[in-house]
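In: sequence first, then the predicted structure, then my questions.
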Amino acid sequence: MSQPLPAEAARARALLSATARDGRRRMARPVLLGLASIACGLAQAWFMARLLTGLLGHGEAAWSDLAAAGALALLAIGLGVAQERAQADAGAAARAGLRRRAFARLLALGPSDTRPAGERATLVVDRIEALDGYFARWLPAAVLAALGPLLIALVVAFEDPLSGVILLAAGGLVPVGMAVTGIGAAMASRRQFDALQALSGRFLDRMRGLPQIVLFGRQESEAQALGAAAEELRGRTMKVLRVAFLSGLNLEVIAAAVLGCLAWRHGNLLVGGHPNPQAALFCLLMVPGFFAPLRAFSAAYHERMSAQGAAAALAPLLQDEAVPEAGLQLAEMPPSVVVTFEQVGLTYDPARGPALADLSFRVLPGEALVLAGPSGSGKSSVLRLLMGFNRPDQGRIALNGRDATSLKPSELRRLSAYVGQKAHLFRDTIRANIALARPEASEAEILAAARAARVTDFTDALPEGLDTLVGEGGYGLSGGQAQRVAMARAFLRNAPLVLLDEPTAHLDPGTEADVLESLRRLCAGRTAIIATHSPALRARFSRVLEMEGGRATPARLAGE
Ligand SMILES: Nc1ncnc2c1ncn2[C@@H]1O[C@H](COP(=O)(O)OP(=O)(O)OP(=O)(O)O)[C@@H](O)[C@H]1O
């Protein structure tokens, strides 16, 4: 991503405003605390001015003024801490809400989302993290930068109108200077984001393939490439800091000029004997307080730019979430399913031609259809259609005579149990990994599924049995054992349709024979569709549909 396009920028702004609206009560708290802190600062300056006037011999210096100024200073510190906390809470709540939505959306999209894994991780982690500053710092700072200086200038004008006018004029100049530096800040922070996304995407990708990198002795070159990406990020981060420093400098120049003007104004008056030295001191003391909200605003300015870049990346993911999943719900789970494909066609990418064309077959309950054929012939695509991850663009898929596309994709998935090439095991116990298929299943049902898939054959020998922890990606289990856990999930799911995608692809002949036995039991009495290259698997089931280029090869269709 480079600069967001106008449409993207509009979507990003809409996302930020909607999130701010949703959390407005939480976001109002830091603003109210900030205003209380400014009021406290005004009262403190008033007592300090009285005290200093007395010390300079223009009146009585009272201890009570010192005590009041000290108490107000303590109160201001307390309000400042409370404001920080309220800001952090507002940011955390906004991030948590967005992260929940983004995560739910990624889960809903499932495999139909073509974004690389690194990019999806960056969206949910880094992009949302980058929005923190917008809600926690930028929004309260923007409101306080408008209200705080105005309040101070009005109070100062009440004491000395010309001083109030000087402050108001300076306050008007600040946004002009910031707009100039802000354009640079926007560009710099967008570029920094691109570099961050590239680095984190690359890092995640390489970490996942670490064994391959070590195996091919590519550590050195990968380390250099990561180093170059990190260096690029460093350079761009420094640029963001330089621009932020420049906008801060801009503010300091204006503040120094205002202080000079007020010193000139009240110094002139002093020459002739100042009519109200307390008011003069009050005006001078309020200069730092006047610029404090503007300084906070300037410091938070780049947060807005970063947030717009992050929101532009997030908006496309979240924009469809409000659209409810189209389709009907199952009235009840049918005990059996007849699957019919009638001249089904599917094209992922028109430039590459159809992945499936004119594909017709029927599978009855208790039958297993083996889809065979060379790589890329469309076997997995058939399974993807039946899982609702894609919709056919030609022909009709019927389940028990009813159009499958009339069902919600999630309902379609409820009908099936799936075992893929390589089971993904999460970092948890074997029991929890099996229970994933049906979290509400009882202990007895989980145990029965583990037995049916012969998981207990190897867990019985482990000290912690089914409670043995397995690592990310199933570390600690062999390929065959992991596949058995996947089959146990399918048994536990107890769905009428079984979809298997090369379930024995990575197994040696001995292990494959074991797994095949469990598979046969899994398919018994159900409707099964099995995509495979394995001759052993083909030999187990009588109906084979030979595919090539997305079409059935009728001459070799057995059992039809
Ligand atoms: N998400 C996708 N986007 C674009 N093209 C795709 C996508 N998924 C698959 N294809 C293409 O569709 C065709 C069929 O792919 P599919 O995965 O169904 O084949 P397959 O027979 O299961 O292959 P394999 O045996 O290697 O798993 C291939 O040409 C593939 O490149």
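Out: Thanks, I have it. Numbering: from 1, shown residues only.

In: give me every residue that touches the residue nearest the centre of the chain.
Out: The centroid of the chain falls nearest to Val124 when counting by C-alpha atoms, centre = their mean (1.7 Å). Residues counted as contacts of Val124 (C-beta atoms under 8 Å, 6 or more residues apart in numbering) are 99, 102-103, 106. Where C-beta positions appear, they are placed from N, C-alpha and C, glycine not excepted.

In: rerun that using 10 Å as the cut-off
Out: Val124 sits next to 98-100, 102-103, 105-106, 314, 317 when contact means C-beta atoms under 10 Å, 6 or more residues apart in numbering.

In: check whether it sits in a helix, strand or coil.
Out: At Val124 the chain is in helix, as set by DSSP: H, G, I helix; E, B strand; the rest coil.

In: retrieve the pLDDT associated with it.
Out: pLDDT recorded at Val124 is 85.

In: check the gap between it and Gly217 for me.
Out: The spacing between Val124 and Gly217, counted by C-beta to C-beta, to the nearest Å, is 33 Å.

In: surely Arg521 touches Met487?
Out: Yes - at 9.1 Å, Arg521 counts as touching Met487 under the criterion of C-beta atoms under 10 Å.

In: which of these two has more residues huddled nearby?
Out: Neighbours per residue (other C-beta atoms under 10 Å) separate Arg521 from Met487, with Met487 holding more: 28 against 14.

In: what helix or strand does that one sit in?
Out: Taking DSSP states H and E as the criterion, Met487 maps to helix 479-493.

In: after that helix comes which helix or strand?
Out: Counting by DSSP H and E, what follows helix 479-493 is strand 497-501.

In: which other helices and strands contact that next one?
Out: Judged by 3 or more C-beta pairs under 10 Å, 6 or more residues apart in numbering; DSSP states H and E, strand 497-501 is in contact with strand 368-372, helix 379-386, helix 409-414, strand 416-419, helix 479-493, helix 509-523, strand 527-531.

In: pull up the pairing partners for that strand, direction included.
Out: strand 416-419 (parallel), strand 527-531 (parallel) (DSSP bridges).

In: what angle separates that strand from helix 379-386?
Out: 150 degrees (axes from the mean of the first three to the mean of the last three C-alpha atoms, to 10 degrees).

In: buried stuff in strand 497-501?
Out: Residues 497-501 are the ones in strand 497-501 that count as buried (16 or more other C-beta atoms under 10 Å).

In: close to the ligand, is that strand?
Out: No - with C-beta under 6 Å from any ligand atom as the criterion, the ligand is not reached by strand 497-501; the gap is at least 7.2 Å.

In: mind listing what Ala225 touches?
Out: Counting by C-beta under 10 Å, 6+ apart, Ala225 touches 202, 206, 218.

In: pLDDT of the helix or strand where it lies, averaged?
Out: Using DSSP H and E, Ala225 sits within helix 219-271. Throughout helix 219-271, pLDDT has a mean value of 80.

In: stretch 59-78 now?
Out: pLDDT averaged over stretch 59-78 gives 85.

In: pull the residues that contact it.
Out: Residues outside stretch 59-78 that contact it (C-beta under 10 Å, 6+ apart): 33, 36-55, 277-278, 289.
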